[in-house]
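Engineer: Quick check, what structure comes out for this input:
(chains A and B)
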Amino acid sequence: MTSAQSGDSMWQQMQMTRRLPATLSDVETFCRELRATVFAAMPPRECFVVELVLREALTNAVLHGVNQDDRRSIECEVEMISGGIILRVRDDGEGFDWRTRLKEMPRSLAESGRGLEILRRYCAEVRFNDAGNGVELIRTFDDGRQQEAVEGDNDAELQN
Amino acid sequence: MQNFKIERDGETATVFAAGDICASSAPELRPAMRDLVKSGVRRLVFDLAQTSMLDSTGIGLLLATFNSMRGVGGEFSVVRASDEILDLLESMRINQHFPVSGR
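Structural biologist: Numbers count the residues shown, from 1 in each chain, chains lettered A, B, ... in the order given. Here you go, the predicted model:
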């Protein structure tokens, strides 16, 4: 479902929600579609960063949230706001202990485990729901990398 | 989804990766990188001139290949990365392990 309203900027007020099959190929197709449409209006650096953090959240949901079970699905919401973008990704898996994981840093030569670090580095805010099966990412276009905050969230939208 | 080409000249190999090196595509590159190391390549260059996206799985692929090359005393480098990918690799401190250069 995609909706856009008239006003100062149709782009800024855009919001869309999509439910994807929980496969990496569907994540790839969805991200390429957004790159060619919604994200194409952004400056190149923002287009890259927003797609990158969205990919990390979606991949995490597919791989770790529902273990690539293609009978299950991932819900993704993209909301343009003034000066930034909000991305929400949720799966119906059991979630993970994000509080512990956020304290862990991958070894410098580790070949995996950098997804959360990328989210923290590029997003102004990274909010997980209590269960750890939903995340809200806020990317501020101008200075998102200077504003790092990670916190739990009790927002009902992200609760089971 | 991933298109890649390998040019080999003796112990040197250059990998040209077009498109995205991401969770859906990076795993298929891993066996090819392992084979290169096993077959005697000792200088491996990843050319990202045609690469538009690199995610944490792609970074993992680069580090795995670097680790393999290091294990046999070889050299590994990344060249012609886009500004965005270069910034990502630098901000993640990946360039502390092997040379990374932009376009």
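
Engineer: Please work out the average pLDDT along the longest helix seen in chain A.
Structural biologist: Longest helix in chain A, counting residues (DSSP state H): helix A:44-60. Helix A:44-60 shows an average pLDDT of 95 in the prediction.

Engineer: What ranges does chain B have for its strands?
Structural biologist: Applying DSSP state E to chain B gives strands spanning B:3-9, B:12-21, B:43-47, B:51-54, B:75-81, B:100-102.

Engineer: Nearest to A:I81, out of those?
Structural biologist: Taking Cβ to Cβ, strand B:51-54 is the member of the strands of chain B nearest to A:I81, at 23.5 Å. Where C-beta positions appear, they are placed from N, C-alpha and C, glycine not excepted.

Engineer: Can you name every helix or strand that that closest one contacts?
Structural biologist: Applying 3 or more Cβ pairs under 8 Å, 6 or more residues apart in numbering or on different chains; DSSP states H and E, one finds that strand B:51-54 makes contact with helix A:44-60, strand B:12-21, helix B:83-91.

Engineer: Paired strands for whichever helix or strand comes after the longest helix of chain A, with orientation please.
Structural biologist: Heading C-terminal from helix A:44-60, the first helix or strand you meet, by DSSP states H and E, is strand A:73-81. Neighbouring strands of strand A:73-81 in its sheet, by DSSP bridges, are strand A:15-21 (antiparallel), strand A:84-91 (antiparallel).

Engineer: Give me the residues contacting strand A:73-81.
Structural biologist: A:11-22, A:27, A:30, A:34, A:38, A:54, A:58, A:61-62, A:65-66, A:85-92 (Cβ atoms under 8 Å, 6 or more residues apart in numbering or on different chains).

Engineer: A:C47 touches A:F39, doesn't it?
Structural biologist: Yes. Under the criterion of Cβ atoms under 8 Å, A:C47 makes contact with A:F39 at 4.5 Å.

Engineer: what about the helix or strand that contains A:T29 and chain B, touching?
Structural biologist: Here A:T29, judged by DSSP H and E, is contained in helix A:24-36. Yes. Contact of helix A:24-36 with chain B (Cβ under 8 Å from any Cβ of the partner chain) involves A:L24, A:S25, A:V27, A:E28, A:C31.
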